Each structure stands twice: as structure tokens, then as C-alpha cells.
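K.L.:
starting from these lines, generate the structure:
(chains A and B)
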Protein chains: 2
Amino acid sequence: MEDRGIVGEFALIDWIRRREGKRSASSWTQLGIGDDCAILRVGATSDLLVTTDMLMDGRHFLLEQDGPEAAGYKAMGVNLSDIAAMAGIPRAAVVAVALPRGAAVRVAQGLHAGMSALAERFGVDLVGGDTNAWDGPLVIAVTLLGQATARGAVRRAGARPGDAILVTGPLGGSLAAGRHLRPVPRVDEALALHEAAPIHAMIDLSDGLSSDLGHILDESGGVGAVLDAEAIPIHADATDLSGRDGVSALLHALNDGEDFELCLAVAPDDADRLLAAPPAATRLYRVGAIAATPGMWLRSPDGRLSPIAPRGFDHFRTEG
Amino acid sequence: MEDRGIVGEFALIDWIRRREGKRSASSWTQLGIGDDCAILRVGATSDLLVTTDMLMDGRHFLLEQDGPEAAGYKAMGVNLSDIAAMAGIPRAAVVAVALPRGAAVRVAQGLHAGMSALAERFGVDLVGGDTNAWDGPLVIAVTLLGQATARGAVRRAGARPGDAILVTGPLGGSLAAGRHLRPVPRVDEALALHEAAPIHAMIDLSDGLSSDLGHILDESGGVGAVLDAEAIPIHADATDLSGRDGVSALLHALNDGEDFELCLAVAPDDADRLLAAPPAATRLYRVGAIAATPGMWLRSPDGRLSPIAPRGFDHFRTEG
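P.N.:
Below you'll find the model as predicted:
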């Protein structure tokens, strides 16, 4: 391969995206690689959302400790979170699994129970799949299809200078506390917010606020962000973890992954309105604002700005 | 779990299917679990086809021996074969991978090259994915979306007594000869056949003729099949394998998996017409006929009938 310079996951995704961007064979493709979901135009008016996530034993869950229901729940949950990030309506899923031989049927039934709990709650039909058994660890790949509303899908691109940056819940410590196994996908919240105000850009927080907000900035083209240190909602799990590992709770809130809350950019007066009366009882925190110059900055209470490095999760770097 | 009686892959799929059949939350679902693709009605008129297949190193390919391009080619090829089996037009794919750590980028680029070869040929956009690295073997899950033509998708259900059973190529010995790595999905052939005559039922031969034809019989409800021993096209690979393992070439043609040819049922006069002038230069072999009584039978040249047991691939039973 010529591209020996590629070292990380996001560089690889960019490499594939550049190659794919050059050819778009199908008239269906409205938005390809690089957002939470792809957008396909199938009929005259319908925008179809497509997302896929793969979970592996030992990496995204521990089968022995957490059990198959938790793995199934999380596999469906993280995909629902991607549909939420586009303010879409989830519709149908296909599931492919590599099951540990010997326990294949028991594990498959547990996975199904965990997935069904979320699928039923969010109106998702399980319409197909592929079942395999092997001597390796459990692997689950869910592909979820959804539908954009009449307001259109919300992309990562679209944040404008001056926009308020909001998040839908306290952040940090999810992995250490096991909260990552029980994400509550913000599907209803996203639909209600998008109905109440135009959302300029949105992403779900899977890799960590500093990384995921970085994606919004990159995609929105030449904008930056200033986050207010005192405004970032810190989860109790982050505080607990900080007591054990000595890393500040704020850094955990900025950099830990798998919160599965939403991060969105809206016009400042829309933010005021949404914060005053959150639709669908959505928890909302204003954490900062989009800036006209690139970069990500943390503002201390004394007004001092310090740069934030994206420290979120890179699947190629981090040990499982 | 109450269902301790489930021992095989197909019993598990039935178990899930029964549970899913009871609830169909989304108005999109026209056809759920149990065919080569799901059928979703997205817009007013568009039927969307969805299929997913997962391939694992050591099971569906040998990464060390075959290389990542072959794995990528096969992963796309088997999914295209499922779209072909519904006589659909492939449109867009998402790909989730668990890459071996250390070689993650090199393997990903090889996979992409192998997939792109087929994707470009068949007009498929790669619109999204999920990249992970781990200490386990390479796992690839492709989900392919396609579109039914105005004639509608061809299902497994629909074979009628008297129908001719056709296959699109010689069978057997694919795995032993390595042919399984280079399937040429019969997308164009399926579209041309469906344009030329109403196809009553169709499936792609992934698990073996005896198993896959069995699915058509099961889904078509209370019908059977008689296959003519002398009419079954035997691949040279099956003859070679027979010389080595002593199992008859005919049994290899009946039971070996991964031929990725199509098996279809059409009215007998349509079969005559198609065989006389195959559309799109499709190879066509008439191997038997659908019978009014359940069961699958092999007719010897002397007219004697012997029962055929489905001996194809069960992912839960067979060693990898």
C-alpha cells in the first residue's frame, strides 16, 4: 500500500472517504461516509438513514461478566444513538453475529432479548440477519435503518459562529462505571428538539466530547469552539473515577467515551428558548459556543482560554 | 431460556422469526426474517431490499493465505448474491470490521480494494461503516441495500407444482478448490431472467442445493421437488474432489455450499423459452421440477426415486 502514513482510525476513514467520494455510482447517495448515518434518497421524497456498529467481546462488553442480554441491549442502543444524532425515526434493523460455539443458541437468545427490549420501545423491526458460530469471541454487527423527518436529517456539518453548544446529559466515567452498557438513546429528545428549533449540527457522544465536537467543527468547515469549564455537566461517575485515578473529573467529562448523549449546535436565541422550556423533558446544558476561528478552547472562570486536544477514543490506539 | 430444544442454526432462526413475526412495529416491513433479503416499503412505491452477511477469518476465508483483498471481495460478493436472489438492483453498502491490531490499516486497505472491485462493477456506493481493531481474528460484516424492480422482488415462497427448477451454473467443490473466494454474483442474470419471464421463487446457492432448494420448498408451503440425477450440472471441482475423497461428484454438487449460483422455479413453458434463448447469456440448467407432495427426491436414469436429505451447511454444526 502506498499510504504508509496512515496511523489512526480517523486517518483510515478519511482515506476510504476520499476514495469513495470520487465515485458515487448510485443516485441514491445523498450523504456517504463521515457522519453518524448515511442519507439515501430512495423514493421521490423519502430520506433513508443507515448506520452500522460492530461490538466485540472484550472490547465493548465482557460477555462472561455482563451477559448476552447486556451485549444485545448495547448493540441496539449505540445504533439507535446514531439515528438520534441525525434526528431520525428508527425503523428496521438487521443483525449479524459470530457466536461462541457451544453456547451459540443460549447467547443468541440472550442477545435477542436485550435487543428486543430497545427495538420494541423505539418501534424497530428486526427484519433479517446472519448467524454464525465459531471458536472466537462474540461479535455483533447491527445495521439500523431510519427515516428523516420532514425537517430533514441533522448532520455534523452546519454549525455556525455564535451558535450555542448544548449537551443532553452529564458526561464522563461511563466505561468505568458500566453505564456504557445501558445507554438510553436520545431518539425522542432529538425529534422533539428538532421540532422545536432548527438544529444546525448534531452528533452523539460515543468517543468523548472533545473528539466528537471536533467532528462537528471539522465538518462544519473552518469554525472552532469555546467551552466553559464551569458549564460542562460532570457525571457522578466521573467524580468517582477522579477520586480513584487522580485525573480531574472535568477531563473525564471532556474525554471519556460512551456517554451516548447528544451534542448539538443551535442559534443562541433558540438555545435560550430550549433551555427555558426543554421539549419532551429533555435535559439540556449549554456548554459553550461555536467560534469563527478554528480550534477548541476551554475557558476558565477567570476568562483564561486553554487549548483542548481531542483525547477521545481511537479504536486503533487504545487497548481493549 | 425455555427453548432448550433448539440445536441448529435454522431452528434458532425459526425461534427468532416466530418472536419477531408476532410484532411488526414499523409499517415499513413487507417481509422480515427468512428470505435472502428483507423487503421494506420506504416511499410510496419503492421497495427497499436489505441483506447482511458476516465473514470471519478461519471460517469463510483464511486471511494469512488468501489475503485481505480476497476477503473483501468475498464479503461484498456474498451480499450481492443475496440481492441477486431477489432479482434486485444493488445500491449502497455499509461495512463494519474488526481488524487485527498491528495490521489494521494494511488489512483495511486490502479489504477496501477487494470490495471496491465488485462495488464499482455493480454500481454500489460504500456509504458508511464502523472500523475497530482488536486482538481477535478479522471479522467483516457487510450490509447491502438494493431496490426491487417494477416486477417486484422474487422471494423463496412462490414455487408451484409443475414448475421447472433451474440453476445458473455447475455445482460442487467450491470450498475445496477456493472458488468460494471469487463468486461472480448473478445480479445481471437475475434481472434479465426476471425481465424475460415471471420467476416464481428464487434463492442463491450458499449452503448447498439440497439445503437451499429445501428453503424454497418450505417457504412455498407443502410442495416438494424431484431432481434428475443426470441433469444436475457437476462442476469440474466436484469431480476433482470426488477423486480425492471418494464421495461421489453428484453428492458434492447436491450438498457442497458456496457455489453462489441461483436456483429458481419458473413455469415449464417459460423454462423452455429461457433455455432455448437464455437472456444476458445466462447459463441455465433444468435440474428438476416442483412436485405437489412434500419431500425432495432424486430420480435415477432408470426412473427410480430416492429421498434426498438436506445435507448443506449448518453454521452451528460444521467445524470451521
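
K.L.:
where does chain A have low pLDDT?
P.N.:
Counting by pLDDT under 70, chain A shows low-confidence ranges at A:1-7, A:21-27, A:44-45, A:310-320.

K.L.:
quick check, central residue of it?
P.N.:
residue A:204 (3.1 Å; Cα atoms, centre = their mean).

K.L.:
for that one, which residues are in contact?
P.N.:
The contact partners of residue A:204, by Cβ atoms under 8 Å, 6 or more residues apart in numbering or on different chains, come to A:36, A:81, A:82, A:84, A:85, A:186, A:212, A:260, A:261, A:262, A:263. To be clear about C-beta, it is placed using only N, CA and C from the backbone, and glycine gets the same treatment.

K.L.:
for the stretch 101-250 of chain A, what lies in contact range of chain B?
P.N.:
Taking Cβ under 8 Å from any Cβ of the partner chain, the part of the stretch 101-250 of chain A that reaches chain B is made up of A:101, A:104-106, A:108-110, A:112, A:116, A:119-120, A:123-137, A:139, A:141, A:143, A:145, A:147.

K.L.:
just the buried members of those?
P.N.:
Among these, the ones that count as buried by 16 or more other Cβ atoms under 10 Å in any protein chain shown are A:101, A:104-106, A:108-110, A:112, A:116, A:119, A:123-134, A:136-137, A:139, A:141, A:143, A:145, A:147.

K.L.:
so which of those residues belong to helices?
P.N.:
A:104, A:105, A:106, A:108, A:109, A:110, A:112, A:116, A:119 (DSSP state H).

K.L.:
can you lay out those as CSV showing distance to residue B:290?
P.N.:
Converted to CSV, those look like this (distance: Cβ to Cβ, whole Å):
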residue, distance to residue B:290
A:104, 33
A:105, 32
A:106, 38
A:108, 33
A:109, 35
A:110, 39
A:112, 34
A:116, 36
A:119, 36
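
K.L.:
before we move on, the earlier item: most neighbours among the contacts of residue A:204, which one?
P.N.:
Counting neighbours by other Cβ atoms under 10 Å in any protein chain shown, residue A:85 leads the contacts of residue A:204 with 32 neighbours.

K.L.:
these two touch, right, that one and residue A:36?
P.N.:
Yes - counting by Cβ atoms under 8 Å, residue A:85 touches residue A:36, with 3.9 Å between them.

K.L.:
who touches both of the two?
P.N.:
Common neighbours of residue A:85 and residue A:36 (criterion: Cβ under 8 Å, 6+ apart): A:203, A:204.

K.L.:
and residue A:306, how many neighbours does it have?
P.N.:
Quick note: residue A:306 (other Cβ under 10 Å) scores 9 neighbours.

K.L.:
so who does it touch?
P.N.:
Residues near residue A:306 by Cβ under 8 Å, 6+ apart: A:297, A:298, A:300.

K.L.:
now the helices for the stretch 201-320 of chain A?
P.N.:
Secondary structure of the stretch 201-320 of chain A (DSSP state H, counting those that start in this stretch): helices at A:209-220, A:236-245, A:249-255, A:268-276.

K.L.:
separation between the residue of the stretch 151-300 of chain A at minimum distance from chain B and residue A:171?
P.N.:
Closest contact between the stretch 151-300 of chain A and chain B, by Cβ to the nearest Cβ, is at residue A:206 (10.4 Å). Applying Cβ to Cβ, to the nearest Å, one obtains 12 Å for the distance of residue A:206 from residue A:171.

K.L.:
so for these two, which residues contact both of them?
P.N.:
residue A:259.

K.L.:
pick out whichever of the two has more residues nearby.
P.N.:
Neighbours around residue A:206 and residue A:171, counted as other Cβ under 10 Å, are more numerous at residue A:171. The numbers are 29 against 23.

K.L.:
isn't the more buried one right up against residue A:253?
P.N.:
Yes - applying Cβ under 8 Å, one finds residue A:171 in contact with residue A:253, separated by 4.1 Å.

K.L.:
tell me, what's touching the two both at once?
P.N.:
Listed as contacting both residue A:171 and residue A:253 by Cβ under 8 Å, 6+ apart are A:209, A:232, A:233, A:234, A:235, A:238.

K.L.:
returning to what we had before: among the contacts of residue A:306, who's most crowded?
P.N.:
Counting neighbours by other Cβ under 10 Å, residue A:298 comes out on top of these with 20 neighbours.

K.L.:
contact partners for that residue?
P.N.:
Counting by Cβ under 8 Å, 6+ apart, residue A:298 touches A:226, A:227, A:229, A:254, A:305, A:306, A:307, A:308.

K.L.:
recalculate using a threshold of 6 Å.
P.N.:
Residues in contact with residue A:298 (Cβ atoms under 6 Å, 6 or more residues apart in numbering or on different chains) are A:227, A:229, A:306, A:308.

K.L.:
likewise for residue A:57?
P.N.:
Shown in contact with residue A:57 (Cβ under 6 Å, 6+ apart): A:63, A:137, A:138.

K.L.:
ok, and the closest non-adjacent residue to it?
P.N.:
Among residues not flanking residue A:57 along the chain, residue A:137 sits closest, at 3.8 Å (Cβ to Cβ, 6 or more residues apart in numbering or on different chains).

K.L.:
for residue A:189, see how far away residue A:101 is.
P.N.:
In this view, residue A:101 and residue A:189 are 41 Å apart by Cβ to Cβ.

K.L.:
whoops, residue A:154 was the one
P.N.:
12 Å.

K.L.:
those two - which one has more neighbours?
P.N.:
residue A:154 (28 against 24).

K.L.:
that older thread, list only buried entries from the contacts of residue A:298.
P.N.:
A:227, A:229, A:308.

K.L.:
which one of the residues in chain A is closest to chain B?
P.N.:
Closest point on chain A to chain B, by Cβ to the nearest Cβ, is residue A:43, at 2.0 Å.

K.L.:
for that residue, helix, strand, or coil?
P.N.:
Following DSSP: H, G, I helix; E, B strand; the rest coil, residue A:43 is assigned to coil.

K.L.:
residues in contact with it?
P.N.:
Residue A:43 makes contact with B:42, B:43, B:46 under the criterion Cβ under 6 Å, 6+ apart.

K.L.:
ok, for it, nearest residue in space, not its chain neighbours?
P.N.:
Nearest to residue A:43 is residue B:43, by Cβ to Cβ, 6+ apart, at 2.0 Å.

K.L.:
measure residue A:281 to residue B:66 for me?
P.N.:
Distance from residue A:281 to residue B:66, counting by Cβ to Cβ: 54 Å.

K.L.:
between these two, which one's more packed in?
P.N.:
Counted by other Cβ under 10 Å, residue A:281 and residue B:66 do not tie: residue B:66 has more neighbours, with 17 against 8.

K.L.:
and the helix or strand hosting residue A:53, what does it pack against?
P.N.:
Per DSSP states H and E, residue A:53 falls inside strand A:47-56. Applying 3 or more Cβ pairs under 6 Å, 6 or more residues apart in numbering or on different chains; DSSP states H and E, we find strand A:47-56 packed against strand A:38-41, helix A:63-85, strand A:139-148, strand B:88-100, strand B:125-134.

K.L.:
note down every partner strand of it and its orientation.
P.N.:
Paired neighbours of strand A:47-56 in the sheet (DSSP bridges): strand A:38-41 (antiparallel), strand A:139-148 (antiparallel).

K.L.:
could you tell me the angle between it and strand B:88-100?
P.N.:
Interaxial angle of strand A:47-56 relative to strand B:88-100 (axes from the mean of the first three to the mean of the last three Cα atoms, to 10 degrees): 30 degrees.

K.L.:
name the surrounding residues that touch stretch A:149-157.
P.N.:
With contacts defined as Cβ under 6 Å, 6+ apart, stretch A:149-157 is touched by A:35, A:39, A:47, A:86-88, A:194, A:199, A:201-203, A:215-216, A:219-220.

K.L.:
fine by me, we can end here.
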